[in-house]
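J.: here is the input, now give the coordinates:
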Amino acid sequence: MIEVKVYIPKHPKMYRRTVEKLGIGPSYKNLEDYPDIFYYDLEKLEKGEKYLDKDLTKFFIGSAMYIRYNNKILIGLGVNGLGFLEDVMYAIADFFHSGYEPIDKILGIDYLRISIKKKGEDAEILVYEEGTNRHIYNGSAPKGVLFQGVLDAASAYYNSLHKLNILNNDERKEMIDNINKFRKLIK
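T.: Numbering: from 1, shown residues only. A predicted model of the protein is given here:
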């Protein structure tokens, strides 16, 4: 079973005191282990959780996501950035468009890359640091299941941003139309 969820990173002002008390920092591991400290959960935001306005501005909104398939994390909360969700979604779409040829793309803005290649009926994902080639996440899932899960999460994300008045009707419609075009790639 695939599980995909999108989060929005918090500004350090929102968690500085908490991490000082715990004696931790925003490392890959701590971002994974303490998501409530470092990220906004969109469901909680819709229910009224307080947030800093600058964390949810239309043009500078960051995102993070985890993709878990059969309890294996393919992409986790240890990585995030501006346009992160879109980068993952478009990378998978490019993989489908190319007829499952291997792709390797920049992910976010923090010198991360995503590599996707066909492995039998699965898509194998590798997230790594550019330059060092240090692997951060690696795993595989059935191609269609993976893409469907990411598209469903992206749709929920854009609908949440609309409900929070961050996206207007036209912006939301444009993103949902793109997602629906991508859905046609899944066979």
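J.: let's verify A123: helix, strand, or coil?
T.: Three-state assignment for A123 (DSSP: H, G, I helix; E, B strand; the rest coil): strand.
J.: that one - nearest residue in space that isn't next to it in sequence?
T.: Nearest non-adjacent residue to A123, counting by C-beta to C-beta, 6 or more residues apart in numbering: K143, 4.5 Å away. Backbone N, C-alpha and C define where each C-beta goes, glycine included.
J.: how about the contacts made by that neighbour?
T.: F95, F96, Y100, K118, E121, D122, A123 (C-beta atoms under 8 Å, 6 or more residues apart in numbering).
J.: I'd say the fourth one and I103 touch.
T.: No. Using C-beta atoms under 8 Å, K118 is not in contact with I103; the gap is 10.3 Å.
J.: any low-confidence regions in the protein?
T.: Counting by pLDDT under 70, the chain contains low-confidence residues at 57-60, 109.
J.: how close does the residue positioned nearest the centre of it get to K187?
T.: Centroid check for the chain by C-alpha atoms, centre = their mean gives M65 as the closest residue, at 3.2 Å. Distance, M65 to K187, by C-beta to C-beta, to the nearest Å: 24 Å.
J.: between K118 and I103, which one's more packed in?
T.: Between K118 and I103, I103 has the larger neighbour count (other C-beta atoms under 10 Å), namely 19 against 16.
J.: shouldn't the more buried one be in contact with A91?
T.: Yes. Under the criterion of C-beta under 8 Å, I103 makes contact with A91 at 6.1 Å.
J.: next, count neighbours for the closest residue to L42 other than its chain neighbours.
T.: Of all residues not flanking L42 in the chain, S160 sits nearest, at 4.2 Å (C-beta to C-beta, 6+ apart). S160 has 19 neighbours, counted by other C-beta under 10 Å.
J.: next up, the contacts around A123.
T.: Residues counted as contacts of A123 (C-beta under 8 Å, 6+ apart) are I92, F95, Y100, I116, K117, S140, A141, P142, K143, L146, F147.
J.: wouldn't L31 be in contact with G81 here?
T.: No. In this structure L31 lies outside contact range of G81 using C-beta under 8 Å: 11.9 Å.
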